[in-house]
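*Asks:* model the structure of this input:
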Amino acid sequence: MSSSARAITCYECDSVNNPGCGEKFAGDDIATTDCEVVAYMHMLAPGIEPTCLVKYYEGMPGEKIFVRRSCYYGDSSPTGIDCDESPDPVVPYLNFLGCQACNADLCNGAGDRIPVFVTTALLGVLAILAT
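*Replies:* Modelled structure (predicted):
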């Protein structure tokens, strides 16, 4: 590991396999990951400091939103964040809605609110469907 790298610990879960990982986050029984160790072991994103990420997908029947919390190994600057919009391996049939990156330990469990752009997008879709 590089001496200049900053270690960060993130929650690692999805709302299908752990209901506490969903919109109403309950971190009591959620796994955590040292993202720097994972990046080093898999030689991911050399030179990029990992951050934490929350990804949102449209919900499964009976749920509003599917949530994935994990480490993120991309550009997390406000203008550079580019979440992988590919289907989630757990629920590949759900559509990607958006994401939030953060750079403090376990920050991807905080603020169990859907990002503003997701709420705006959902309201826009509902308005289109209503017409």
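*Asks:* element containing the closest residue in space to Glu36 that isn't next to it in sequence?
*Replies:* Spatial nearest neighbour of Glu36, chain neighbours left out: Ala7 (4.3 Å); criterion: CB to CB, 6 or more residues apart in numbering. Bear in mind the C-beta positions are built from the backbone N, C-alpha and C, glycine included. Using DSSP states H and E, Ala7 sits within no helix or strand.
*Asks:* let me know whether Ala7 touches Ala39 as I believe.
*Replies:* No: taking contacts as CB atoms under 8 Å, Ala7 lies outside contact range of Ala39: 9.9 Å.
*Asks:* burial of the closest residue to Cys102 other than its chain neighbours, as a residue count?
*Replies:* Counting by CB to CB, 6+ apart, Cys52 is the residue found nearest to Cys102 once chain neighbours are left out, at 5.2 Å. Residue neighbour count, defined by other CB atoms under 10 Å, stands at 28 for Cys52.
*Asks:* report the buried residues of the helix or strand hosting Cys52.
*Replies:* For Cys52, the host element (DSSP H and E) is strand 51-58. Neighbour-count burial for strand 51-58, counted by 16 or more other CB atoms under 10 Å, picks out Thr51, Cys52, Leu53, Val54, Lys55, Tyr56, Tyr57, Glu58.
*Asks:* in contact with the fourth one, which residues?
*Replies:* What that stands for is Val54. Residues near Val54 by CB atoms under 8 Å, 6 or more residues apart in numbering: Val67, Arg68, Arg69, Cys99, Gln100, Asn108.
*Asks:* would you mind putting these into JSON lines with distance to Val91 alongside?
*Replies:* Listed next are the contacts of Val54 as JSON lines, based on distance: CB to CB, whole Å:
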{"residue": "Val67", "distance to Val91": "11"}
{"residue": "Arg68", "distance to Val91": "9"}
{"residue": "Arg69", "distance to Val91": "14"}
{"residue": "Cys99", "distance to Val91": "15"}
{"residue": "Gln100", "distance to Val91": "19"}
{"residue": "Asn108", "distance to Val91": "18"}
